[in-house]
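Enquirer: Here's my sequence, what's the structure:
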Amino acid sequence: MLKIYQIFILKFIILFISSLFITSIISYIALKSIILEHNKNHLKHAIELIELELKNVKNLDEYTDIVNTKTSLRVTIISSEGIVLAESDADKNRMDNHASRFEIMQSNTKEYGDITRYSDTVKADFLYVAKKVTYGDKQIYIRLAMSLAQIMYDFYSLWMKLFIVFLLIVFIATFISRSMSQRVVYDISQITDYLDEVSNKNYKAIIKTKYFYEFLQISLYLKNLVKKLSKNEKKKIKNMAKLRLINKQRNDILSALSHEFKNPVAAILGYAQTIQDDSDMPKSVRDKFLEKISANGEKISRMLDRLALSVKLENGDLTINKSEFDIKQLCSEVASNLLLKYKNRDVIVEVDEEIVYTDKTMVELVLINLVDNALKYSNSNVTIRLKDKKLFVIDNGIGIKEEHLDKITTKFYRVDRNSWDNSMGLGLAMVKFILKSLGSSLKIESEFAKGSVFSFEIDSMIKR
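Expert: From the prediction side, this is the model:
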């Protein structure tokens, strides 16, 4: 099966040769007619010259021989009665009466009479031209004839030259077509190679068509299409990454729920089973066990609340309710409430009075998480300090290793995965989301075994 460029080149050559062939036939017919007409005019001019000289001619036979020798034309002089008076190429005495010849009869009504026919006298085809003239006091006919063989020889000689030119043009056209074919093949190969690279997902492949504007347009369209494919591929990869992350988070949630709920659930089941098995248990011990069961149930409830709040914050489903309040008073309340949980500890509040306009519940949750973590992971006092529009929570605890600093605000991430602190790794992740929604951000500075400083700006929360 022929390829498209081969079909194009083949049709081009066929169309070109057909056009030249048709043109050649038309030019052949036209050229032949032109040559015949040219020779007619030549004979007419020759007759006019003879007519001018005729008054000086004494012997018509000698004169016709002279004209024939000089011009190679057949000369015949005929009387008004049709009798041949002089003939250059035959014996006049053996020639028939010419009064009925077409060219003679036509010259009686027109200035010239002409015809092309076969001569029985000399056995050849001739072009005849005749004219009626006055010789002395008589009317005679001067007839000149030219051999068609000579005319056609001249014609074919000219035609062969034209045919050679025709062949040369065909050769040049074939060469040009071959050159065009090679260029078409080059541009098409560039496009096919490019498409092959793209099919292998090489979206950075290069296409360089350089001969035809149409192929250049196609290459530009292909580049735009590949850009879109590349963008879609990147989106697909991102979506796949998101799906993998969602699946990982789902697995992390299930793993965290399973791990974090295991201890409180086991404690609840253990205390409940002990109470159930010992009907004679003292009331004080029973009450203590029931208190443990209640405390572990509350821990599970708080963990579920934190998980739900974290999901709402991440999805942007939580509504921010702003109000005016004193940040110093809020810090003092948080410190007091946490000291009920951490007895024999102290939280130092170094905060001056400052009115802010933001969501009080969200800021309270941030402070509770930060101060609770500080108390949990240190044995000394914890300080809440307001300085340069920044709120700091400072502890002198175990600190955080540098490799964990960028990860501890990630959901479900815990530095010590073998310990249980009821947080499921959601506390700092929740703080990060809350501060982001309030127009602030969490900053962490820590040195392992020396302590940590958690801070966030409140400049955007201050009422102007």
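
Enquirer: so the closest residue to S332 other than its chain neighbours, which of the three states?
Expert: Take S332 and drop its neighbours on the chain: the residue closest to it by CB to CB, 6 or more residues apart in numbering is V349, 5.4 Å away. (C-beta placed from N, C-alpha, C; glycine too.) Look at V349: counting by DSSP: H, G, I helix; E, B strand; the rest coil, its state is strand.

Enquirer: For V349, which residues are in contact?
Expert: Applying CB atoms under 8 Å, 6 or more residues apart in numbering to V349 gives the contacts 328, 331-332, 335, 384.

Enquirer: give me the low-pLDDT residue ranges for the stretch 201-350 of the chain?
Expert: 246, 249-260, 302-303, 305-318 (pLDDT under 70).

Enquirer: for it, what spans make up the strands?
Expert: Ranges of strands within the stretch 201-350 of the chain are 323-326, 347-350, based on DSSP state E, counting those that start in this stretch.

Enquirer: hey, which of those is tucked in deepest?
Expert: Mean neighbour count (mean count of other CB atoms under 10 Å) peaks for strand 347-350 among the strands of the stretch 201-350 of the chain, with a mean of 16.

Enquirer: Restricting to C-alpha, output it in PDB.
Expert: Provided in PDB are the C-alpha atoms of strand 347-350 (Å, rounded to 0.1, in the frame of the first residue of the first chain):
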ATOM      1  CA  VAL A 347       2.400  27.200  85.400                       C
ATOM      2  CA  ILE A 348       3.900  30.700  85.400                       C
ATOM      3  CA  VAL A 349       1.800  33.300  83.500                       C
ATOM      4  CA  GLU A 350       3.900  36.200  82.300                       C
END
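
Enquirer: what distance separates it from the centre of its chain?
Expert: The chain centre lies 65 Å from the centre of strand 347-350; the measure is CA atoms, centre = their mean, to the nearest Å.

Enquirer: Can you point out the buried residues in the helix or strand following that strand?
Expert: Scanning forward in sequence from strand 347-350 by DSSP states H and E, the next helix or strand is strand 355-358. By 16 or more other CB atoms under 10 Å, the buried positions in strand 355-358 come out as 356, 358.

Enquirer: If you count contacts, what does strand 355-358 end up packed against?
Expert: Under the contact definition 3 or more CB pairs under 8 Å, 6 or more residues apart in numbering; DSSP states H and E, strand 355-358 sits against strand 323-326.

Enquirer: Give me the contact list for the longest strand along the chain.
Expert: Ranked by residue count and defined by DSSP state E, the top strand of the chain is strand 124-135. Strand 124-135 is contacted from outside by 36, 39-40, 43-44, 47, 51, 54-55, 74, 78, 101, 103-104, 106-108, 111-119, 139-149, 151, using CB under 8 Å, 6+ apart.

Enquirer: Buried ones in that strand, by neighbour count?
Expert: The neighbour-count check on strand 124-135 (16+ other CB under 10 Å) flags 126-133, 135 as buried.

Enquirer: how near is the residue nearest to S332 to T361?
Expert: 19 Å (CB to CB, to the nearest Å).

Enquirer: And for A449?
Expert: 35 Å.

Enquirer: would you list every one of the helices in the stretch 201-350 of the chain?
Expert: Applying DSSP state H, counting those that start in this stretch to the stretch 201-350 of the chain gives helices spanning 213-277, 283-315, 327-341.

Enquirer: before we move on, the earlier item: so which of the strands of the stretch 201-350 of the chain comes closest to K32?
Expert: K32 lies closest to strand 323-326 among those, at 111.2 Å (CB to CB).

Enquirer: Adjacent strands (with direction) for the closest one?
Expert: Strand partners for strand 323-326, identified by DSSP bridges, are recorded as strand 355-358 (antiparallel).

Enquirer: Report the mean confidence score over the strand it pairs with.
Expert: Throughout strand 355-358, pLDDT has a mean value of 93.

Enquirer: ok, and what's touching that strand?
Expert: If you take CB under 8 Å, 6+ apart as the criterion, strand 355-358 is touched by 320, 322-327, 363, 438, 458, 461-463.

Enquirer: show me where the stretch 351-464 of the chain has helices.
Expert: Ranges of helices within the stretch 351-464 of the chain are 360-376, 402-405, 427-437, based on DSSP H, counting those that start in this stretch.

Enquirer: For I176, which of the ones you listed is the nearest?
Expert: helix 427-437 (70.0 Å).

Enquirer: With just CA atoms, put the closest one into CSV.
Expert: The C-alpha trace of helix 427-437 is given here as CSV (Å, rounded to 0.1, in the frame of the first residue of the first chain):
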residue,chain,number,x,y,z
GLY,A,427,-2.7,17.5,69.4
LEU,A,428,-0.1,19.5,67.6
ALA,A,429,-1.7,18.7,64.2
MET,A,430,-4.9,20.2,65.5
VAL,A,431,-3.0,23.3,66.9
LYS,A,432,-1.4,23.8,63.5
PHE,A,433,-4.8,23.7,61.7
ILE,A,434,-6.5,26.0,64.2
LEU,A,435,-3.8,28.7,64.1
LYS,A,436,-3.8,28.5,60.3
SER,A,437,-7.6,29.1,60.2
